[in-house]
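>>> Generate coordinates for the sequence data below:
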Amino acid sequence: MITETVRLKDAFDIHIGDIVQHFKHTDVDNVNYRYRVDGFAEHTETGEQLVIYTALYGDKRTYARPVDMFLSEVDHEKYPDAKQKYRFVKIVYVAARTSCWYCGNELIWGGDTDDDDGGIISNLHCPHCGAEVTYTWSK
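So this is what the prediction gives:
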């Protein structure tokens, strides 16, 4: 079964439209190795679920990777300098914006919730490209 959301191991979801960072380049200002999640697919013969994602740099190639590999931990013996625990992590921008940082259209507020530390979590989404944005405002 193909779903629109995949539960990541560290208790957050990845959705179509999310931007993820590959572990090889984790500098905040480095846009290399950032990708947009375009969707999910199912392998025709094995039924294995795949993540479909597009590079946001260079020639903007589109890739497919098995979900288990996409969500896997970095091999820190092979990559001892890797800063991320997982192969991909979701990029969340904390600067307050009312326009989508990906397509530039206005974000729609979807409500606020309280977090466990007394802060506020604001949920926004882009009706144009489907990006979902969560801002956490600390107490």
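>>> how about the strands of the protein, start to end?
In the chain, the segments counted as strands under DSSP state E are 5-7, 13-15, 19-22, 34-42, 49-55, 62-66, 88-90, 108-114, 120-125, 132-137.
>>> residues in contact with stretch 52-64?
Stretch 52-64 is contacted by residues 19-20, 31-41, 50-51, 65, 70 when judged by CB atoms under 8 Å, 6 or more residues apart in numbering. All C-beta spots, glycine's among them, are computed from the backbone N, C-alpha and C.
>>> That stretch: how far from the chain's middle?
14 Å (CA atoms, centre = their mean, to the nearest Å).
>>> and if you look at stretch 68-83?
Relative to the centre of its chain, stretch 68-83 is centred 17 Å away, using CA atoms, centre = their mean.
>>> next one: stretch 46-53
Distance, centroid of stretch 46-53 to centroid of chain: 16 Å (CA atoms, centre = their mean).
>>> what number of residues lie near residue 100?
By other CB atoms under 10 Å, 21 other residues sit near residue 100.
>>> Count the residues that sit near the closest residue to it other than its chain neighbours.
Counting by CB to CB, 6 or more residues apart in numbering, residue 100 lies nearest to residue 126, which is 4.0 Å off, once chain neighbours are set aside. Residue 126 has 20 neighbours, counted by other CB under 10 Å.
>>> Equivalent analysis for residue 75, please.
Neighbours around residue 75, by other CB under 10 Å: 11.
>>> for residue 107, same thing?
21.
>>> Tell me the pLDDT of the residue nearest to it when sequence neighbours are not counted.
Distances taken as CB to CB, 6+ apart place residue 124 nearest to residue 107, at 4.1 Å, with adjacent residues excluded. Residue 124 is assigned 80 on the pLDDT scale.
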